[in-house]
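[1] Need coordinates for the below:
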Amino acid sequence: MFILALTRRVKLCHRYEPRLVCGPVMAVLNWRTAGEVGVLLPVTALVAYLVLLAGGRWLKQRVGMRWGVLYEMFSGALALYIATSLTAPTMWWRDALGAATVLLSALLAVSLTRRMVWELYFEQKRKIVVPRVVRDVVALAILSTAVLLILSVGFHIQIPGLLAGSGILALAVGLAAQDLLANVIAGCVLHFEKPFKVGDWLLFEHRHVEVMEMSWRSTRVRTNDDLWLDVPNSQIARQTIANLYYPVRKHAMRLELGIDQAEPPNRVKDVLAHAAATVEHVLANPPPQVYLKNFGDFANVYELRYWMDDHTVYNEVEDAVRTNIWYELQRHHIKIPYPTRTIYMQAPPALTTEPHLEAVRTALRQHSLFRSVEDPQLQTLLAGVRIHRFGRGEKMLQQDANGDSMFVLMTGTADVSVTNNGARTHLAALHSGACFGEMSLLTGEKRSATVTATADCEVAELDRAMLAEVFRQQPRVLQEISELLAKRKLETEGKLAARGTTPLAIEEQRQYTAGFRNQLQALFRL
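    The predicted structure follows:
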């Protein structure tokens, strides 16, 4: 009210008493107005600052914004700018303060976009990880808009004139940054077309690489040798890329191998497919497939295709497949031929040598089933022994598989285990001289356990036809083995120890012995 009264007084002074009254009144009014501004400016700035701080705290509690010194600077600048605009709009530093406020608000807009758009909406709600190149482009657009706004509105600089005046400089910068711009544009194209994403395995320039990070300039990949490569996006855009994880993670790998032309193709296919199927991380569905690809000069070329869904273990899988193929081919006496340009002369190795036979003879003599076999019959048995080699990790016997032979472990070690309801239980460890598989040989039952080589092994195999010949030459062995099987069955049932040598126990053992003898005669066709 006082200011309005003074204003009316000033108007009267101008009309009636310009010299006598206007000078003192204007002086009083100017002094009074300066005093009001000195009080209102800090009060208004303080009120606006507190309101902005309250809004920042609300956002922090609501969406989890991580405010810091940047928001406090923005709140102070904006509060001071609001107070200046309301109380003293003619202050000389008002435009500079406005420019600082706009720049700080652009930085806060970048933080808000990162938290509310990229993190809350895309990552948490949509479960989509936005590439870094998109985030950087959006942030750059926000900051560029703020700078243009400051230049055009705050400082009244015409942007077209500014660009026209610096055309030579822009041309020089464009020529110098053409590779950078090409990478940025290629990064945007890769983002929108999405030929791959972080975590995908690619076949790029004959290398198997995993995508680790995508930025606005380059894509960082890791090879299966754990080497990191920083590849410019423009280079990736020019290459043909095979994405092993698109559209699904399951993908096929191929391996070529030359095999002796004398081998029947179907036999070779079965051997190669079985070698790949037993490797861990090779998928059972679809099963491995083998194709006769070409008739070469000295070998038939086969292509093995197997499937996997975890490319991080590609090196291990490829090694295991090749290793299993070598052992499978050796066991089936299938040769990987040498080129016809090379003359290769080698006598075929004997299936059994004297050291091998002696080791098998010692192991059989120590086994309770063969202690009564006389030397001529044992020599007949050893004459048909076949020697096999198994590699570390291979299964020599598979639980629940059919079997008509037994084995003697000559070198190496093996593990015996059973699987029930998906749980694997370790039973025993086998060493040189151990025999296994005899119960399936004698009873015709399925294999009761799995035997896995824990080191490279050599085993001797005795089949049912060889043992049948021993039974024909020495019938007493058939009776003794029947008695031994009956005794084992009674011990398993706990009846032998409980009843001892009572007539009931003797009769029950006699019945078991007769049953096993009849079973052996039928099984061995005696």
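[2] what about the strands in the stretch 151-300 of the chain?
    All strands of the stretch 151-300 of the chain, identified by DSSP state E, counting those that start in this stretch, fall at 201-204, 207-214, 218-223, 228-232, 242-243, 251-259, 289-295, 300-308.
[3] how far does the third one sit from the chain's center?
    The reference is to strand 218-223. Its chain's C-alpha centre and that of strand 218-223 lie 15 Å apart, by CA atoms, centre = their mean, to the nearest Å.
[4] go on, the second one?
    The offset between the C-alpha centroid of strand 207-214 and the centroid of the whole chain comes to 12 Å, using CA atoms, centre = their mean.
[5] How about that strand, which residues are buried there?
    His208, Val209, Glu210, Val211, Met214 (16 or more other CB atoms under 10 Å). Every C-beta, even on glycine, is put in place using the N, C-alpha and C of the backbone.
[6] between these, which is nearest Asp297?
    When these are ranked by distance to Asp297 (CB to CB), His208 comes first, at 31.0 Å.
[7] Show the contacting residues for that closest one.
    His208 is in contact with Trp201, Leu202, Thr223, Asn224, Leu244, His311, Tyr314, counting by CB atoms under 8 Å, 6 or more residues apart in numbering.
[8] Let me have those in CSV, extended by neighbour count and distance to Leu151.
    CSV is the format used below for the contacts of His208 (neighbours: other CB atoms under 10 Å; distance: CB to CB, whole Å):
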residue, neighbour count, distance to Leu151
Trp201, 24, 47
Leu202, 23, 44
Thr223, 13, 47
Asn224, 17, 51
Leu244, 21, 49
His311, 22, 51
Tyr314, 16, 55
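[9] Lowest pLDDT pick from those?
    In this model, the minimum pLDDT among the contacts of His208 belongs to Asn224 (83).
[10] State the distance from it to Trp201.
    Counting by CB to CB, to the nearest Å, the gap from Asn224 to Trp201 is 8 Å.
[11] any shared contact partners between those two?
    The contact sets of Asn224 and Trp201 overlap at His208, Val209, Glu210, His311, Thr312 (CB under 8 Å, 6+ apart).
[12] Contacts only, for the nearest residue to the second one once chain neighbours are set aside.
    So that's Val209. In space, and not counting its chain neighbours, Val209 is closest to Val221: 3.9 Å by CB to CB, 6 or more residues apart in numbering. Applying CB under 8 Å, 6+ apart to Val221 gives the contacts Leu202, Phe204, Val209, Glu210, Val211, Met212, Trp228, Leu229, Val231.
[13] What distance do you get for the closest residue to Met466 other than its chain neighbours to Leu369?
    Leaving aside its chain neighbours, Met466 sits nearest to Gly384 (4.4 Å; criterion: CB to CB, 6+ apart). Distance, Gly384 to Leu369, using CB to CB: 17 Å.
[14] More neighbours: the two, which one.
    More neighbours surround Leu369 than the other of Gly384 and Leu369, with 18 against 15 (other CB atoms under 10 Å).
[15] quick revisit: quick one, which of the strands of the stretch 151-300 of the chain gets closest to Ser111.
    Evaluated over these, closeness to Ser111 peaks at strand 207-214, with 21.5 Å, by CB to CB.
[16] Walking through the stretch 151-300 of the chain, point out its helices one by one.
    159-165, 167-176, 178-193, 233-238, 265-277 (DSSP state H, counting those that start in this stretch).
[17] buried stuff in the last one?
    Going by neighbour count (16+ other CB under 10 Å), the buried part of helix 265-277 is Val268, Lys269, Val271, Leu272, Ala273, His274, Ala275, Ala276.
[18] Could you do the shortest one as well?
    By neighbour count on 16+ other CB under 10 Å, the buried set for helix 233-238 is Asn233, Ser234, Ile236, Ala237.
[19] Hmm, Ala182 and the second one touching each other?
    In this case it means Ser234. Yes - the pair Ser234 / Ala182 is scored as a contact, 4.3 Å apart, by CB atoms under 8 Å.
[20] got the domain boundaries for this protein?
    Domain assignment of the chain by automatic domain parsing yields the ranges 2-173, 178-243, 251-331, 354-473, 475-526.
[21] Need those in JSON lines (columns: distance to Tyr338).
    Formatted as JSON lines, the domains of the chain follow (distance: least, CB to CB, whole Å):
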{"stretch": "domain 2-173", "distance to Tyr338": "52"}
{"stretch": "domain 178-243", "distance to Tyr338": "28"}
{"stretch": "domain 251-331", "distance to Tyr338": "7"}
{"stretch": "domain 354-473", "distance to Tyr338": "20"}
{"stretch": "domain 475-526", "distance to Tyr338": "43"}
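[22] related to what we said a few turns ago, next, give me the two most distant ones among the contacts of His208.
    The span of the contacts of His208, defined through CB to CB, is set by Thr223 and Leu244 at 13.5 Å.
[23] Neighbours of the closest residue to Ala434 other than its chain neighbours, how many?
    Excluding its sequence neighbours, the residue lying closest to Ala434 (CB to CB, 6+ apart) is Leu409, at 4.7 Å. Per other CB under 10 Å, the neighbour tally for Leu409 reads 24.
[24] In three-state terms, label Leu409 for me.
    Secondary structure, DSSP: H, G, I helix; E, B strand; the rest coil: Leu409 is strand.
[25] and His431, how many neighbours?
    With other CB under 10 Å as criterion, His431 counts 11.
[26] I should have written Arg57 there, sorry.
    For Arg57, the neighbour count with other CB under 10 Å is 13.
[27] With His426 instead?
    Counted by other CB under 10 Å, the residues lying close to His426 total 9.
[28] Likewise for Thr312?
    Around Thr312 sit 14 other residues, with neighbours defined as other CB under 10 Å.
[29] That one and Asp200 touch, don't they?
    No - Thr312 is not in contact with Asp200 according to CB under 8 Å; the separation is 11.8 Å.
[30] Now list whatever residues contact both of the two.
    By CB under 8 Å, 6+ apart, the residues touching both Thr312 and Asp200 are Glu210.
[31] From Ser482, how far off is Lys489?
    Per CB to CB, Lys489 is found 11 Å from Ser482.
[32] higher neighbour count, these two?
    Ser482 (21 against 17).
[33] returning to that earlier point: pLDDT value on the residue nearest to Ala434, please?
    We have a pLDDT of 89 for Leu409.
[34] tally of neighbours for Tyr246?
    Using other CB under 10 Å, Tyr246 has 16 other residues around it.
[35] Export the buried residues of strand 207-214 to TSV and append columns for distance to Ala514.
    What follows is those, written out as TSV (distance: CB to CB, whole Å):
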residue	distance to Ala514
His208	64
Val209	69
Glu210	66
Val211	71
Met214	77
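[36] Looking at these, spot the one nearest Cys435.
    Closest approach between these and Cys435, by CB to CB: His208, at 44.5 Å.
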